[in-house]
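Asker: next come a sequence and a model predicted from it.
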Amino acid sequence: MNRRGFLRSSAAFGLGAAALAASLKPLLELKDFTSMQKFLQKYYKEMTPADMAKVLDRITKETERQYGVRPHVRDLKPMDGVSFVYALNLTRCIGCRKCVHGCVAENNQSRTPEIQYIRVLKMPHGSLDIEKSDHDYDPEKVPEKGFFYMPVQCQQCTNPPCVKVCPVHATWQEADGITVIDYDWCIGCRYCMAACPYGARHFNFTKPSIPNDGLNPDMAYLGNRPRTMGVTEKCHFCVQRTRVGRYPACVEICPAGARKFGNILDPESEVSKILATKRVFIQLKEELGTHPRFFYYFDV
Amino acid sequence: MMNDYKKTRLVLVVLAATFALLAVAFSLDLFGRFTPPRPLPLVNPEFLKTETWRRSYKDLVEAKAPLDDFDCYACHEQGKKVVLKYDAKQQLVVPDEHSDIVMGHGTHGRNNNCFNCHNDENLLRLQPRDGRELKFEESTLLCGSCHGPTYRDWEAGMHGRTSGYWDRSLGPFKKQDCVNCHNPHSPKFPGRQPAPPPNYLREKRGATDPPHTSP
């Protein structure tokens, strides 16, 4: 190689490298996307308590930096001898959508774009055709004559299709029946959204926006800790509440007492008695064999 | 040999040119930037409240709220029988002093006697049909004296609101009284304003879009 050739090719190389660097510039804008610690984090089920303590510390710091609120993040494990069941009384539901917004506030869901775990369907009496249901009803007053309301959220299937399709095992069913997501392990492929027959899973297309004063600081790792862009989320029966013995936020807020939650293994619990004595008429889309833990029922 | 060298150089030149073009495009923002969506209005905090719609006598006493509504003998005379007035259709004429009461309990207007539930001799007491006399705090027992199955369900936590801890060993659990949700004079829930409907990621489904098949 002569001198001229060397100069020419090194100039071309330099230009190319600079151009490459410049063309990768948009990646710089992802600075909040991940941290080295998060990148090197182990799989949830393989973490030791010491690993988890570090992760919780990182989440606490990241949340405090982003929202200015110091959260109380815990890793709550399923309780022994507990299997959760949810029962919803379609006779009582008045369609007021308070559960939808109570859930958003409790679980730190994105306000813009809107992510809501619960969708309330309005259907005419005497039918149960979800395809003809109305999601957008907004009358002066509910309930409207001749209609009933059916809130749909994650059905916490005993045989969950979403878990089967996850290529990285970022979602799984826990011993108490709750299907959870590790938001740090999710790769955002959205297979689970396609697999879910209930439309229960939601995707963070952007960084979720939550007003600082609207952040719920009572958090769980597998529950309502703030999500990042590019991960899926869904109802998790409020693990941050239910795994310390409390009712989920939607039960707590329902003004009509239509929502019932409890441990099916306890014969004295409300849900045990409801399933034993009430006209429990469906698990939604039960023909699919997903065996939801979410039951709809009527009473007199 | 020479041919391979030329090919390599050609590939390098094309690559370099592509990256250079991309670099220019990015620095001039030719593709535009991601603009965050316009913030949606936040929901009215009224919809986030977990309080019951009504407050029972028990709640009012606990909250030390004024109990004027329950002080019957501020207006009524002690020992004097209250005479009910009926119109031609046997419907109770609610006196002006009680104009806030809507007689809407039961169908066909058949439950139209105040003293089906109130004691006619002591207005501060409630009167179920079995002869017991109940205080205002015990109104749940009065309701249960007619609505047996509902009372049974309520005792089991199946009817009505429950709050607090589903695991009773870990913390307090609260059941609401009938009158925390139902107006005893007109127990059917009145219509309420619903919270706002969802905002979709894209604009609302147009007529051309296929209806979506799952909720």
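Answerer: Nice, I can see it.
Asker: so in the chain, which helix runs the longest?
Answerer: All of this refers to chain A. Longest helix in chain A by number of residues, with DSSP state H as the criterion: helix A:3-23.
Asker: switch to chain B, please.
Answerer: Per DSSP H, chain B has its longest helix at helix B:2-27.
Asker: that helix near chain A at all?
Answerer: Yes - for helix B:2-27, a contact with chain A is found by C-beta under 8 Å from any C-beta of the partner chain, at B:12, B:13, B:15, B:16, B:19, B:20, B:22, B:23, B:26, B:27. Quick note: C-beta positions are derived from backbone N, CA and C, even for glycine.
Asker: same deal with stretch B:157-172?
Answerer: Yes - counting by C-beta under 8 Å from any C-beta, chain A is contacted by stretch B:157-172 at B:157-167, B:169-171.
Asker: and these, which are buried?
Answerer: Using 16 or more other C-beta atoms under 10 Å in any protein chain shown as the burial test, those include B:157, B:158, B:159, B:160, B:161, B:162, B:163, B:164, B:165, B:166, B:167 as buried.
Asker: and which of those is nearest residue A:155?
Answerer: residue B:166 (18.8 Å; C-beta to C-beta).
Asker: show me the contacts for the closest one.
Answerer: For residue B:166, the contacting residues are A:242, A:245, A:246, A:247, A:261, A:262, A:263, A:269, B:173, by C-beta atoms under 8 Å, 6 or more residues apart in numbering or on different chains.
Asker: in the longest helix of chain A, what counts as buried?
Answerer: Buried, per 16+ other C-beta under 10 Å, within helix A:3-23: A:16, A:19, A:20, A:22, A:23.
Asker: give me the residues contacting it.
Answerer: A:1, B:12, B:13, B:15, B:16, B:19, B:20, B:22, B:23, B:26, B:27.
Asker: so what's the gap between it and the chain middle?
Answerer: A distance of 49 Å separates the C-alpha centroid of helix A:3-23 from that of its chain, computed with C-alpha atoms, centre = their mean, to the nearest Å.
Asker: next helix or strand past that helix?
Answerer: helix A:36-39 (DSSP states H and E).
Asker: pull out the buried positions in that following helix.
Answerer: So for helix A:36-39, nothing qualifies as buried (16+ other C-beta under 10 Å).
Asker: C-terminal to that helix, what's the next element?
Answerer: Of the helices and strands lying after helix A:36-39 in sequence (DSSP H and E), the nearest is helix A:49-67.
Asker: give the contact list for the residue nearest in space to the middle of chain A.
Answerer: Using C-alpha atoms, centre = their mean, the residue of chain A that lies closest to the mean C-alpha position is residue A:234, 2.1 Å off. Counting by C-beta under 8 Å, 6+ apart, residue A:234 touches A:117, A:154, A:179, A:181, A:196, A:200, A:201, A:202.
Asker: just residue A:94 next, same as before
Answerer: A:142, A:143, A:149, A:255, A:256, A:258, B:189, B:192.
Asker: any part of stretch A:121-135 near chain B?
Answerer: Yes - for a cut-off given as C-beta under 8 Å from any C-beta, stretch A:121-135 has contacts with chain B, namely A:121, A:130, A:131, A:133, A:135.
Asker: let me redo that: stretch A:62-71
Answerer: No - residues of stretch A:62-71 contacting chain B under C-beta under 8 Å from any C-beta: none, with a closest distance of 14.9 Å.
Asker: now do the helices in chain B.
Answerer: Taking DSSP H as the criterion, chain B carries its helices at B:2-27, B:57-62, B:139-146, B:148-155, B:178-181.
Asker: mind putting those helices into CSV with mean pLDDT and mean neighbour count?
Answerer: Converted to CSV, these look like this (pLDDT from 0 to 100; neighbours: other C-beta atoms under 10 Å in any protein chain shown):
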stretch, mean pLDDT, mean neighbour count
helix B:2-27, 88, 13
helix B:57-62, 92, 15
helix B:139-146, 94, 19
helix B:148-155, 94, 15
helix B:178-181, 95, 20
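Asker: make CSV out of these and add distance to residue B:111.
Answerer: Listed next are the helices of chain B as CSV, based on distance: least, C-beta to C-beta, whole Å:
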stretch, distance to residue B:111
helix B:2-27, 76
helix B:57-62, 21
helix B:139-146, 9
helix B:148-155, 16
helix B:178-181, 15
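Asker: tally of neighbours for residue 108?
Answerer: If you meant another chain, say so; for now it's chain A. Using other C-beta atoms under 10 Å in any protein chain shown, residue A:108 has 25 neighbouring residues.
Asker: you looked at the wrong chain, it should be chain B
Answerer: Neighbour tally, residue B:108, other C-beta under 10 Å: 6.
Asker: contacts only, for the nearest residue to residue A:43 once chain neighbours are set aside.
Answerer: Among residues not flanking residue A:43 along the chain, residue A:185 sits closest, at 6.4 Å (C-beta to C-beta, 6 or more residues apart in numbering or on different chains). Neighbouring residues of residue A:185 by C-beta under 8 Å, 6+ apart: A:43, A:44, A:168, A:169, A:170.
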